[in-house]
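*Asks:* Whatever this is, show me its structure:
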Amino acid sequence: MLVLRRLLRKRWVLGVVFGLSLIYFLTSTLKQEERTMRDRTLLQVKDADHRIPWKVRFHLGNSSRQITQCRNSIQGKILLTDELGYVCERNDLLVNGCCNVNAPSTRQYICKSCLANGCCSIYEYCVSCCLQPDKQPLLEHFLNRAAKGFQNLFTAVEDHFELCLAKCRTSSQSVQHENTYRNPQAKYCYGESPPELLPV
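*Replies:* Down below sits the predicted model:
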């Protein structure tokens with residue numbers, strides 16, 4: 001132990017330790033920079049090729065084709081929205097994940113509880129309203145202007161349904177001071193504008 005202390009007090013040993021530490025730091029920094037540049041390049045290439053498929057592949061309302069599977073919003077305790085834009089009660093969900101269109105409470109492209117700015121009080125209605133075909137220009141405009149921070153999220157989106165699921169989730173635009181909703185009655189938004197700030 002005493003020999004090690006004496007050796008570490010010598011300047012040349014400290015110089016070698018410092019030099020090796022500097023070399024390690026520089027090589028790891030350069031490798032990290034290379035990885036970052038490669039990831040940015042891949043993201044830019046993906047962005048250029050990435051297109052959202054806007055057309056729904058099947059339309060249950062006017063088709064005799066058998067539907068094998070539907071994705072749905074999953075999380076609602078009472079209501080669910082399927083990828084065709086139907087909102088139904090959880091007990092009206094079919095085994096294949098689609099809403100039962102014959103159930104009396106099932107509605108397609110329902111914007112109940114949604115305001116003119118695209119903010120809704122119920123998540124499932126926000127997703128259904130967002131899925132309306134006439135909302136495509138609004139969503140394309142949003143995607144073209146998406147902030148860099150949102151681009152990673154929205155480039156991972158594969159289609160119109162996934163975009164509406166992601167867009168309607170509450171975001172930093174829905175809150176103020178990081179702990180209060182700007183408008184607790186309309187916090188789920190598919191539009192470009194954040195919810196209006198309600199006076200306290």
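*Asks:* can you tell me which residue is nearest the centre of the protein?
*Replies:* residue 166 (3.6 Å; Cα atoms, centre = their mean).
*Asks:* Confirm that one sits in a helix?
*Replies:* Yes: with DSSP: H, G, I helix; E, B strand; the rest coil as the criterion, residue 166 is part of a helix.
*Asks:* what's the closest non-adjacent residue to it?
*Replies:* residue 157 (5.8 Å; Cβ to Cβ, 6 or more residues apart in numbering). C-betas here are computed from N, CA, C, even on glycine.
*Asks:* dump the residue contacts of residue 25.
*Replies:* Taking Cβ atoms under 8 Å, 6 or more residues apart in numbering, we find residue 25 in contact with no residue.
*Asks:* Locate it within the secondary structure: which element?
*Replies:* helix 11-49 (DSSP states H and E).
*Asks:* Quick check: next helix or strand after that helix?
*Replies:* strand 79-81.
*Asks:* Check which helices and strands that next one is in contact with.
*Replies:* Packed against strand 79-81, as judged by 3 or more Cβ pairs under 8 Å, 6 or more residues apart in numbering; DSSP states H and E, are the following elements: strand 86-89, helix 123-130.
*Asks:* Swap in 6 Å and give it another go.
*Replies:* Judged by 3 or more Cβ pairs under 6 Å, 6 or more residues apart in numbering; DSSP states H and E, the packing partners of strand 79-81 are helix 123-130.
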